[in-house]
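Engineer: would you be able to build a 3D model of this:
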Amino acid sequence: METRELRYFVAVAEELHFGRAARRLGIAQPPLSRAISGLERRLGAVLLERGSRGVALTGAGAVLLQEARFALDAVEAAERRTRRAALASDGRPAVVLAAKAGASSELLAKLLDAYATQPGAVAVDVVLCGPGEQALVLRTGQADVALLHQPFDDTTGFDTEDLYTESQVVILPAGHPLSTRPHLRLAEVSGLPDLPLPRWPRPDGTFPDGPGPQVRDHTQLTQLIALGRACAVVPESGRSGLGSGLAAVPVSDAPHVTTVIAWPPHSRSTAVAGLVRAATAL
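Structural biologist: From the prediction side, this is the model:
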């Protein structure tokens with residue numbers, strides 16, 4: 001299969017409409033239809049059910065959609081990492097590290113300091129992401145290595161090393177009646193009518209339904225909590241840097257969070273290897 005065919009198929013599978021997919025791809029509809037039909041013949045499988053009411057994915061089509069997304073991400077990742085390797089050969093080496101904004105800040109600072117002392121250390125470009133975005137930028141090659149948090153981030157397909165495990169706390173406005181409690185339970189936190197949990201965007205940019213405010217970054221979240229508009233359950237390390245208008249209370253039955261350092265299994269980057277060594281030695 002060619003990457004062009006995979007891009008064509010993904011467009012149709014996501015739009016479930018040949019006309020919209022053709023417009024999205026910037027091509028005419030007839031060659032798009034021929035390309036999908038040719039792909040089905042070579043695979044010996046019906047990928048899309050065409051009917052008067054539109055297009056639907058078959059079971060085989062759903063499998064190919066998932067695999068095609070991974071394959072196209074891998075191609076884009078290879079292109080980006082190759083460009084960075086070319087820059088390195090021109091005397092401008094750098095490694096890109098992705099981390100979640102507002103999380104693991106102390107760990108990140110220690111990691112960068114430890115790596116900088118290693119022989120042959122190169123510049124580290126840090127990309128601060130929204131929740132769940134680190135795995136995506138690592139898969140697509142926008143980063144070479146990432147700090148991820150299990151069980152929330154998907155580490156499938158990555159090599160990983162566990163760094164540390166911590167409990168979780170709820171961040172509340174200072175002065176809230178529950179802010180002086182020794183601990184809370186998840187049911188109590190999720191049941192606060194005056195402080196709904198925030199809604200973070202999905203990968204496609206849409207937000208799930210719910211009463212909580214729409215939040216895109218850590219700064220926005222802390223401001224909303226300080227204003228008494230939301231609360232948030234975060235790893236224990238999220239206590240660091242809290243302003244005077246915020247309080248943290250342990251959540252006794254929240255799942256523990258393990259921070260891991262992750263990288264593509266095929267990576268041969270000495271800089272990535274150095275960052276992993278520095279992280280696991282902390």
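Engineer: okay, buried residues for the host helix or strand of residue 9 please.
Structural biologist: According to DSSP states H and E, residue 9 maps onto helix 3-15. For helix 3-15, a neighbour-count test (16 or more other Cβ atoms under 10 Å) marks 6-13, 15 as buried. For every residue, glycine as well, the C-beta is placed using N, CA and C.
Engineer: and whatever helix or strand comes next after that helix, what other elements does it pack with?
Structural biologist: Downstream of helix 3-15, the next assigned helix or strand under DSSP H and E is helix 18-25. Applying 3 or more Cβ pairs under 8 Å, 6 or more residues apart in numbering; DSSP states H and E, we find helix 18-25 packed against helix 3-15, helix 29-43.
Engineer: show me the contact partners of helix 18-25.
Structural biologist: 7-8, 11-12, 14-15, 28-29, 32-33, 36, 55 (Cβ atoms under 8 Å, 6 or more residues apart in numbering).
Engineer: residue 183: neighbour count?
Structural biologist: 14 (other Cβ atoms under 10 Å).
Engineer: that one reaches residue 248, doesn't it?
Structural biologist: No: using Cβ atoms under 8 Å, residue 183 is not in contact with residue 248, being 10.9 Å away.
Engineer: who's in contact with the closest residue to residue 110 other than its chain neighbours?
Structural biologist: Once flanking residues are discounted, residue 110 sits nearest to residue 282: 5.5 Å by Cβ to Cβ, 6 or more residues apart in numbering. By Cβ under 8 Å, 6+ apart, the contact set of residue 282 is 107, 110-111, 114, 163.
Engineer: now do residue 282, the pLDDT please.
Structural biologist: pLDDT, residue 282: 89.
Engineer: export stretch 170-177 to PDB, keeping only CA atoms.
Structural biologist: Taking C-alpha atoms only, stretch 170-177 is exported to PDB below (Å, rounded to 0.1, in the frame of the first residue of the first chain):
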ATOM      1  CA  VAL A 170      -7.800  17.800  44.700                       C
ATOM      2  CA  ILE A 171      -7.000  21.500  44.100                       C
ATOM      3  CA  LEU A 172      -9.700  23.700  45.700                       C
ATOM      4  CA  PRO A 173     -10.100  27.400  46.300                       C
ATOM      5  CA  ALA A 174      -8.400  28.500  49.500                       C
ATOM      6  CA  GLY A 175     -11.100  28.900  52.200                       C
ATOM      7  CA  HIS A 176     -13.500  26.400  50.700                       C
ATOM      8  CA  PRO A 177     -15.200  24.400  53.500                       C
END
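Engineer: secondary structure and distance to residue 227 added to the contacts of residue 282, as CSV?
Structural biologist: Converted to CSV, the contacts of residue 282 look like this (DSSP: H, G, I helix; E, B strand; the rest coil; distance: Cβ to Cβ, whole Å):
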residue, secondary structure, distance to residue 227
107, helix, 29
110, helix, 32
111, helix, 33
114, helix, 38
163, strand, 33
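Engineer: flag the least confident of the residues you listed.
Structural biologist: Scoring the contacts of residue 282 by pLDDT puts residue 107 last, at 87.
Engineer: about what we covered before: quickly name whichever of the contacts of residue 282 is closest to residue 172.
Structural biologist: residue 107 (24.1 Å; Cβ to Cβ).
Engineer: please consider this matter closed, and thank you.
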